[in-house]
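1. sequence and predicted structure, then a few things I'm wondering about:
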2 protein chains.
Amino acid sequence: MSHTSRESRERSVPTSADVARLAGVSRATVSYVLNNASAVRISEPTRRRVRRAAEELGYVPHAAARSLRAGHSRMVLLPTAHVSACPPHSRFLDELQWALRGLDYTVVQYGSMGLDGDSAARAWAELRPAAVVSLGETVLTPHSVRLLKRSGVRAVITLGTRAVEGAHSLLMDQRQIGARAAEHLLERGHRRLGVIMPEEPGPGLFSELRLTGVRRAAEPHGATVRAVPLACEERAAEALAAGWRELGLDAVYAYNDEYAMLLMRALQDVGLSIPGDTAVIGADDLLLGRLLRPRLSTLRIDVVTGQYLAGLVDRAVRDPDGAPERHDVMATRVVRREST
Amino acid sequence: MSHTSRESRERSVPTSADVARLAGVSRATVSYVLNNASAVRISEPTRRRVRRAAEELGYVPHAAARSLRAGHSRMVLLPTAHVSACPPHSRFLDELQWALRGLDYTVVQYGSMGLDGDSAARAWAELRPAAVVSLGETVLTPHSVRLLKRSGVRAVITLGTRAVEGAHSLLMDQRQIGARAAEHLLERGHRRLGVIMPEEPGPGLFSELRLTGVRRAAEPHGATVRAVPLACEERAAEALAAGWRELGLDAVYAYNDEYAMLLMRALQDVGLSIPGDTAVIGADDLLLGRLLRPRLSTLRIDVVTGQYLAGLVDRAVRDPDGAPERHDVMATRVVRREST
DNA sequence: TTGAAAGCGTTACCAA
DNA sequence: TTGGTAACGCTTTCAA
């Protein structure tokens, strides 16, 4: 008897009612004090009593109860295909999250790996976030967007290669990246271009679009373009290098620096000179690209800042019925080093 | 008038009451059907009507309301210092998340960047998660643990270099890593060891411990150990390489592969041979280490699997009063290539 | 087999 | 300046 009561006391989480009881005031007063409500004036001694009581009990407000009552939350949900991402993505995420926190949002990342589009959207909707910001790893369908909106999500924003109906869309034109790579190689006098296509499923969408960009830029110059699949492993690179001469390419754009380094190493190992026999350019400007010899040329891709995106999120949440905006938000420039 | 009513209808999110109304049953029935309650028997036609109605309205349950009522949630909170992480961390996270989903938990990642320990813990506590799993990027104090427990968090688990009072602790002994590196270098006949210490703040704790490990392993053999600070930039590496001979080292363990590659490149550029003049070993077994010449020797660090951690989380949630467990969960082995 | 009602922790309105 | 009260959406016990 005394045991259960002691146990339940220990187990029980302090609520605002407990704080009120301890401070000798009503729950309403506690709420006013703890939220610094400006509408009502509470005497300073009362305020102190309430704060002291909250402190003493280790009271922490219950976010779910609050947003249930309020009818809306300040949660921004970032769905991620994997639960994590890598630079330069990560710096951007940090920025975004920082900026959103400054705007008083709670940022929460939700790994939706292994969920199909519909069940993922349902899972997000259950959390009733104020906004969902899809960073391009996850694909958002018009259907998911409708589902989310129906569930009270005030803003759906996508950052990716294409606009999604009903959502604000920040567009990153992947073709532009391929085009820049091609322009650079053409400028250097190359006319038989290869494009390394990752065999891994992740970048599939991107690499196809970048290839299109290369094609478009190359055609007017009468250059040929050849797609060359490659898995991100040493073995695969060796095999590719063994038959490289037969491909008859004089330059190659390799999706990103990782594939570029892999390929370059393999080509050198079969005696090819770079950029003499084949020029190589990657993308993302990784630090390690500067450590190889020749130093790897690359494409630097600048996307919109986290602050900018945070601003858009906030505006969209405040005006949920505003027409979806579309912006182009990517800039690509060539960083020429020694491999081209 | 008609305008506002239409608007509010459109705005309003369907609740279980709406489903009940449309299906012509009570809310209780809706809840039973949608949760497949086995305790009560509902007729098949009714079940169908309810499901149809839910479908038609696009009803999605409100997670906050549900867990408020239930008195507990199935949320597992993963605080992260940055909002993201990199391999091999990321694969582990994906595994963990996958396994937890299989156990019917909702995994949510919370970026606590720029929050001090106490406010971070408060922020987590507001969400009333069932468990908090700290992955070593964030530091958890006994005080935060108490705060979390007081707020109803059933399990607090840390994966890191040291145990935290009150929390289940999965220990990764960073000294072991340094020790393995040293043992390998000693075995190869080296006696004047350098240890690259990153100047970046991130790895500070880890690198100190690894250095200790090196020292402990080296002393019995009468080898000398020297800590050598290095920032992760080309310039810094060049400067270090310029004065390398004066250091009189015949081998170096470079924290991780990134620093190792950076250093190796710089040493080669000033005409030193590797491993002839100086042997170099890194850690993490990055793919790119295999692309350099000589190929970089490294330490492969295997941590516990995500499944294992998920199991521990589940057990801990089910038995919140169980004594905190402590496990050693890391294994390190040398991958010798050509740089040592 | 179904329905009514209570209650989870909050906050906002209205009275006192 | 403060307190009572209702309501947010959901589940579950008890009654019919």
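-> Sure thing, it's come through.
2. ok, and the closest non-adjacent residue to A:Asp308?
-> Quick fix: residue A:308 is Tyr, not Asp. Ranked by C-beta to C-beta, 6 or more residues apart in numbering or on different chains and with sequence neighbours excluded, the top spatial neighbour of A:Tyr308 is A:Val329, at 7.7 Å. For the C-beta atoms, the positions are set from N, CA and C on the backbone; glycine is no exception.
3. quick one: that neighbour from chain B, how far?
-> Distance of A:Val329 to chain B, computed by C-beta to the nearest C-beta, to the nearest Å: 19 Å.
4. show me what contacts that residue?
-> For A:Val329, the residues meeting the contact criterion (C-beta atoms under 8 Å, 6 or more residues apart in numbering or on different chains) are A:Leu159, A:Leu170, A:Leu171, A:Met172, A:Val303, A:Val304, A:Tyr308.
5. what strand or helix carries the last one?
-> Here A:Tyr308 is covered by helix A:306-318, with elements defined by DSSP states H and E.
6. where does A:Gly166 sit, in terms of helix or strand?
-> Element membership for A:Gly166 (DSSP H and E) is empty, with no helix or strand holding it.
7. just give the closest residue to it, not the sequence neighbours.
-> Per C-beta to C-beta, 6+ apart, closest to A:Gly166 is A:Val145, 4.2 Å.
8. before we move on, what about A:Val334?
-> A:His184 (4.6 Å).
9. distance of the one you found from DNA strand C?
-> When distances are taken as C-beta to the nearest atom of the strand, to the nearest Å, A:His184 and DNA strand C turn out to be 56 Å apart.
10. hmm, who's touching the helix or strand encompassing that residue?
-> Here A:His184 is covered by helix A:174-187, with elements defined by DSSP H and E. Contacts of helix A:174-187 with the rest of the structure, by C-beta under 8 Å, 6+ apart, involve A:161, A:193, A:195, A:205-206, A:209-218, A:221, A:223, A:225, A:251, A:253, A:279, A:281, A:283, A:297, A:299, A:301, A:330, A:332-334, A:336, A:340.
11. now the next helix or strand after it and helix A:174-187, what's the angle there?
-> Past helix A:174-187, heading to the C-terminal end, the next element that is a helix or strand (DSSP H and E) is strand A:192-198. Using axes from the mean of the first three to the mean of the last three C-alpha atoms, to 10 degrees, the inter-axis angle of strand A:192-198 relative to helix A:174-187 is 150 degrees.
12. against which helices or strands is strand A:192-198 packed?
-> Packing partners of strand A:192-198 (3 or more C-beta pairs under 8 Å, 6 or more residues apart in numbering or on different chains; DSSP states H and E): helix A:174-187, helix A:204-218, strand A:224-230, strand A:251-253, helix A:257-269.
13. can those go into CSV with extra columns for mean neighbour count and distance to A:Ser38?
-> Output for the helices and strands packed on strand A:192-198, formatted as CSV (neighbours: other C-beta atoms under 10 Å in any protein chain shown; distance: least, C-beta to C-beta, whole Å):
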stretch, mean neighbour count, distance to A:Ser38
helix A:174-187, 23, 49
helix A:204-218, 20, 49
strand A:224-230, 16, 62
strand A:251-253, 30, 59
helix A:257-269, 23, 53
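14. what's the closest of these to A:Pro61?
-> Put simply, out of the helices and strands packed on strand A:192-198 the one that sits nearest A:Pro61 is helix A:204-218, at 42.1 Å, with distance taken as C-beta to C-beta.
15. what angle sits between that closest one and strand A:224-230?
-> Orientation check (the same axes, to 10 degrees): helix A:204-218 against strand A:224-230 gives 160 degrees.
16. how close does A:Gly282 sit to A:Leu263?
-> With distances taken as C-beta to C-beta, to the nearest Å, A:Gly282 is found 9 Å from A:Leu263.
17. for chain A, which residues are neighbours of DNA strand D?
-> Proximity of chain A to DNA strand D is confined to A:24-29, A:32, A:40-43, A:46, A:65, A:68-69, A:71 under the rule C-beta under 7 Å from any atom of the strand.
18. which stretches of the stretch 1-150 of chain A have low pLDDT?
-> By pLDDT under 70, the weakly predicted segments of the stretch 1-150 of chain A are A:1-11, A:82-89.
19. which residues of it fall in helices?
-> Secondary structure of the stretch 1-150 of chain A by DSSP state H, counting those that start in this stretch: the helices cover A:2-11, A:16-23, A:27-34, A:44-57, A:63-70, A:89-102, A:117-126, A:142-150.
20. ok, back up a step: pull out the buried residues from the helix holding A:Tyr308.
-> Burial within helix A:306-318, assessed by neighbour count using 16 or more other C-beta atoms under 10 Å in any protein chain shown, is assigned to A:Gly306, A:Tyr308, A:Leu309, A:Ala310, A:Leu312, A:Val313, A:Asp314, A:Ala316, A:Val317.
21. ditto for stretch A:98-105
-> Counting neighbours by 16+ other C-beta under 10 Å, one finds that the buried residues in stretch A:98-105 are A:Trp98, A:Ala99, A:Leu100, A:Arg101, A:Tyr105.
22. what's the answer for stretch A:29-43, then?
-> By neighbour count on 16+ other C-beta under 10 Å, the buried set for stretch A:29-43 is A:Thr29, A:Val30, A:Ser31, A:Tyr32, A:Val33, A:Leu34.
23. show me what contacts the residue nearest to A:Gly166?
-> In this structure, A:Val145 makes contact with A:Val156, A:Val164, A:Glu165, A:Gly166, A:Ala167, judged by C-beta under 8 Å, 6+ apart.
24. in a markdown table, list those residues along with neighbour count, pLDDT and distance to DNA strand C.
-> Output for those, formatted as a markdown table (neighbours: other C-beta atoms under 10 Å in any protein chain shown; pLDDT from 0 to 100; distance: C-beta to the nearest atom of the strand, whole Å):
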| residue | neighbour count | pLDDT | distance to DNA strand C |
| --- | --- | --- | --- |
| A:Val156 | 28 | 97 | 25 |
| A:Val164 | 20 | 94 | 33 |
| A:Glu165 | 12 | 94 | 34 |
| A:Gly166 | 17 | 94 | 29 |
| A:Ala167 | 26 | 96 | 29 |
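25. now, which of these sits nearest DNA strand D?
-> Taking C-beta to the nearest atom of the strand as the measure, DNA strand D lies nearest A:Val156 of these, at 19.8 Å.
26. about what we covered before: farthest-apart pair in the contacts of A:Val145, please.
-> Spanning the widest gap among these are A:Val156 and A:Glu165, at 10.3 Å by C-beta to C-beta.
27. and stretch A:231-238, C-alpha only, in CSV?
-> Below are the C-alpha coordinates for stretch A:231-238, written out as CSV (Å, rounded to 0.1, in the frame of the first residue of the first chain):
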residue,chain,number,x,y,z
ALA,A,231,30.3,0.9,-59.2
CYS,A,232,32.1,2.7,-56.3
GLU,A,233,34.7,-0.1,-55.8
GLU,A,234,38.3,-0.5,-56.7
ARG,A,235,37.6,-3.7,-58.6
ALA,A,236,35.1,-2.1,-60.8
ALA,A,237,37.4,0.7,-61.6
GLU,A,238,40.2,-1.6,-62.5
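28. sorry, back to before: between the buried residues of helix A:306-318, which is closest to A:Glu238?
-> If you rank those by distance to A:Glu238 using C-beta to C-beta, A:Gly306 comes first, at 39.9 Å.
29. so who does the closest residue to that closest one other than its chain neighbours touch?
-> Of all residues not flanking A:Gly306 in the chain, A:Glu95 sits nearest, at 2.7 Å (C-beta to C-beta, 6+ apart). By C-beta under 8 Å, 6+ apart, A:Glu95 lies in contact with A:Thr305, A:Gly306, A:Gln307.
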